[in-house]
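Enquirer: what follows is a predicted structure for the sequence shown.
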Amino acid sequence: MIRTRYAPSPTGYLHVGGLRTALYNYLYARQNGGNFVLRIEDTDQTRRVEGAVQNLLDALAWAGLDFDEGPFVGGPYGPYVQSERLEIYRTHVAKLADDGHAYPCFCSSERLDVMRATQATQGVPPMYDRRCRNIDRHEAEQRIAKGESHVWRMAIPSGRTVAVNDLIRGLVEINSDTVDDQVLLKSDGFPTYHLANVVDDHLMQISHVIRGEEWLTSTPKHILLYEFFGWAAPAFAHLPLLLNADRSKMSKRSGDVAVEDYRRRGILPEALINFVALLGWHPGDNREIFSLNDLIREFSLERVAKAGAVFDIAKLNWMNSEYVKAESDDELYHRIENDFQDLVRTVGDRQVRYAVVTLRGGAETHRDLVNRVREVFEPVTAMDEEMSALLRSSVMQPMLSEFLVQMAEIEPDVWHDFAKLEGEFKNRAIAAGKPNGVKGRDLWRGLRAALTGQPHGPELAKLVGIWGRDRTLAQLGRALDLVRGAVSC
């Protein structure tokens with residue numbers, strides 16, 4: 001049975017690279033009728049961030065990636081938090097030691113620092129010099145019994161070619177002489193990633209390990225551990241790096257790289273999932289819009305590229321706009337209505353809904369649309385110089401005076417029928433302009449100057465519907481006062 005896992009460390013937020021890793025594991029499991037497992041790898045307690053686990057769970061849930069086994073869900077191979085599995089790792093290190101594949105290292109951190117500094121000056125790769133590897137076992141046991149601080153290291157064999165048959169990169173061979181005697185169990189009793197992930201992947205019956213390219217160089221250590229334990233290794237697939245626009249590696253210091261950053265900006269989960277899926281995988285044709293179900297049907301590791309994938313913000317925004325465009329008016333309003341609770345109390349739900357529907361065109365994100373709607377209800381303050389000059393035209397005062405009368409005469413029920421109001425607005429504007437010789441472009445620009453003071457903005461016939469009777473008449477009266485002031489001057 002296909003079993004994949006996503007095993008993040010609780011060190012903060014969910015990185016978009018982590019989301020891609022989770023997604024590919026999820027898609028492969030779902031496509032093959034298998035199980036997707038979430039495991040929390042918190043063996044480095046110094047980097048653990050309070051609340052990070054819940055943040056991870058929230059982000060995965062928001063993205064729509066449900067898991068079959070994991071924290072708070074359970075499963076037959078728990079616990080799914082590594083800090084709750086310490087005795088399991090100790091037992092397995094003891095087995096490795098008994099078989100001669102692990103040894104205690106008593107070197108102090110100070111000695112190791114000096115060793116690495118010397119290696120750096122000599123231009124050689126930093127590797128443990130195996131000083132403790134040849135300590136007599138009886139002596140080592142006595143030193144441990146006396147409470148001497150120590151770690152357990154992996155005894156890497158010399159002169160071996162370790163082969164990794166990667167599902168994306170093909171055959172990768174590494175000489176074991178370039179592999180360090182990795183620490184397996186730290187002095188505080190916690191395992192390192194290398195031991196814990198191998199033991200857990202085996203005991204949890206993980207069939208495919210799909211993870212980032214940065215782990216490829218560590219895979220020979222894992223292959224050797226499987227061999228030492230006498231276990232069959234899972235299949236490995238190492239995903240390409242995510243790159244910034246300048247093709248530098250996308251890291252946690254690269255700006256907005258957290259899922260919650262994009263969520264906060266109004267990116268839809270469907271859009272982010274769609275976008276992230278295409279960062280390395282391609283469908284074999286020119287399609288770019290995929291639902292999660294589409295991805296489950298079509299994803300394949302064979303179509304994952306080796307080369308790094310550029311994280312193109314402009315493309316993400318475009319893709320998100322496509323998803324926003326596809327939402328019905330009701331769906332769209334439902335997803336952003338919590339952002340308008342204060343406006344609803346002030347102007348009413350009906351006006352806000354109409355504003356959302358009217359202003360949604362071309363919005364790339366929900367956040368863009370929320371800002372547009374809130375802005376249109378803001379008081380008109382600054383006036384564009386060109387619009388101000390237009391208002392001072394000699395024909396504006398009589399035209400605006402007549403138009404204000406015309407708008408005030410509209411029946412109350414028409415103000416509540418947006419379609420009728422649009423027609424009334426246009427008819428009465430033309431009627432107000434005709435006797436004053438104002439028509440066409442001059443008429444509509446003059447009214448825009450009076451209503452908004454800006455050369456561009458929402459369609460005026462819809463804007464008065466968004467504002468309602470009182471706001472519209474008040475703004476026309478204010479504009480007329482400005483015109484009269486300018487004329488009297």
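Expert: Cool, got the structure. On a predicted model such as this, the values are computed, not experimentally measured, just so you know.
Enquirer: mind listing what's buried along the lowest-mean-pLDDT helix or strand in the chain?
Expert: Within the chain, no helix or strand scores below helix 385-391, which has a mean of 78 by mean pLDDT, DSSP states H and E. Under the neighbour-count criterion of 16 or more other CB atoms under 10 Å, helix 385-391 has 387, 390, 391 buried. Where you see a C-beta, it was placed from the backbone N, CA and C, and this is true even at glycine.
Enquirer: can you check stretch 361-381 too?
Expert: Buried, per 16+ other CB under 10 Å, within stretch 361-381: 363, 364, 365, 366, 367, 368, 369, 370, 372, 373, 376, 377.
Enquirer: what does stretch 59-77 give?
Expert: For stretch 59-77, by 16+ other CB under 10 Å, it's 59, 60, 63, 65, 67, 68, 69, 70, 71, 75, 77.
Enquirer: quick one: end-to-end length of that stretch, please.
Expert: Distance between the two ends of stretch 59-77: 24 Å, counting by CA to CA, to the nearest Å.
Enquirer: average model confidence for it?
Expert: The average pLDDT within stretch 59-77 is 96.
Enquirer: what's the answer for stretch 458-470, then?
Expert: 95.
Enquirer: so how far is it off the chain centroid?
Expert: Centre-to-centre, stretch 458-470 and its host chain are 37 Å apart (CA atoms, centre = their mean, to the nearest Å).
Enquirer: residues in contact with it?
Expert: Stretch 458-470 has contacts (CB atoms under 8 Å, 6 or more residues apart in numbering) with 347, 351, 354-355, 358-359, 376-377, 407, 410, 412, 415, 418, 421-422, 425-426, 444, 447-448, 451-452, 457, 472, 475.
Enquirer: the closest residue to residue 204 other than its chain neighbours and residue 116, how far apart?
Expert: Nearest non-adjacent residue to residue 204, counting by CB to CB, 6 or more residues apart in numbering: residue 77, 4.2 Å away. Residue 77 sits 38 Å away from residue 116 when distances are taken as CB to CB, to the nearest Å.
Enquirer: which of the contacts of stretch 458-470 count as buried?
Expert: For these, buried by 16+ other CB under 10 Å: 347, 351, 354-355, 358-359, 376-377, 407, 410, 415, 418, 421-422, 425, 444, 447-448, 451-452, 472, 475.
Enquirer: give me the domain ranges for this protein.
Expert: 3-242, 259-326, 329-376, 385-488 (automatic domain parsing).
Enquirer: run the chain-centre distance for the third one.
Expert: Read that as domain 329-376. Distance of domain 329-376 from its chain centroid, counting by CA atoms, centre = their mean, is 23 Å.
Enquirer: give me the buried positions along the top helix by length along the chain.
Expert: Using DSSP state H to define each element, the chain has its longest helix at helix 469-488. Neighbour counts over helix 469-488 (16+ other CB under 10 Å) mark 469, 471, 472, 473, 475, 476, 479, 480, 482, 483 as buried.
Enquirer: quick one on the thing from earlier: which two among the buried residues of stretch 361-381 are spaced furthest apart?
Expert: 364 and 377 (20.9 Å; CB to CB).
Enquirer: distance to residue 250 added to the domains of the chain, as a markdown table?
Expert: Output for the domains of the chain, formatted as a markdown table (distance: least, CB to CB, whole Å):
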| stretch | distance to residue 250 |
| --- | --- |
| domain 3-242 | 4 |
| domain 259-326 | 6 |
| domain 329-376 | 21 |
| domain 385-488 | 36 |
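Enquirer: find the nearest non-adjacent residue to residue 269, please.
Expert: residue 63 (5.0 Å).
Enquirer: got a list of what the one you found touches?
Expert: 19, 22, 23, 259, 269, 272, 273.
Enquirer: can you give me the distance of it to residue 276?
Expert: Distance, residue 63 to residue 276, by CB to CB: 9 Å.
Enquirer: any shared contact partners between these two?
Expert: Common contacts of residue 63 and residue 276 (CB under 8 Å, 6+ apart): 19, 23.
Enquirer: ranking the domains of the chain by mean pLDDT, which is last?
Expert: Lowest mean pLDDT within these: domain 385-488, at a mean of 89.
Enquirer: quick one: distance of it to the chain centre.
Expert: Counting by CA atoms, centre = their mean, domain 385-488 is centred 45 Å from the centre of its parent chain.
Enquirer: now do stretch 8-20
Expert: Remark: stretch 8-20 is offset 9 Å from the chain centroid, using CA atoms, centre = their mean.
Enquirer: what segments of this protein are strands?
Expert: Under the criterion DSSP state E, the chain contains strands at 3-6, 35-38, 102-105, 151-154, 161-166, 170-175, 183-185, 208-212, 235-239, 242-243, 309-310.
Enquirer: mind putting those into TSV with distance to residue 224 and mean neighbour count?
Expert: Below are these laid out as TSV (distance: least, CB to CB, whole Å; neighbours: other CB atoms under 10 Å):
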stretch	distance to residue 224	mean neighbour count
strand 3-6	21	26
strand 35-38	24	24
strand 102-105	11	22
strand 151-154	7	22
strand 161-166	6	15
strand 170-175	10	12
strand 183-185	11	24
strand 208-212	15	22
strand 235-239	14	21
strand 242-243	29	20
strand 309-310	30	18
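Enquirer: need the ones you listed in TSV (columns: distance to residue 461).
Expert: Output for those, formatted as TSV (distance: least, CB to CB, whole Å):
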stretch	distance to residue 461
strand 3-6	52
strand 35-38	52
strand 102-105	78
strand 151-154	75
strand 161-166	61
strand 170-175	63
strand 183-185	72
strand 208-212	54
strand 235-239	52
strand 242-243	47
strand 309-310	44
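Enquirer: I'd like to know which of those strands is closest to residue 300.
Expert: Of the strands of the chain, nearest to residue 300 by CB to CB is strand 235-239, at 10.8 Å.
Enquirer: then that closest one to PDB, C-alphas only?
Expert: C-alpha atoms of strand 235-239 as PDB (Å, rounded to 0.1, in the frame of the first residue of the first chain):
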ATOM      1  CA  ALA A 235      11.400   4.800  -2.600                       C
ATOM      2  CA  PHE A 236      13.000   8.300  -2.600                       C
ATOM      3  CA  ALA A 237      12.000  11.400  -4.700                       C
ATOM      4  CA  HIS A 238      13.800  14.700  -4.100                       C
ATOM      5  CA  LEU A 239      12.000  17.800  -5.300                       C
END
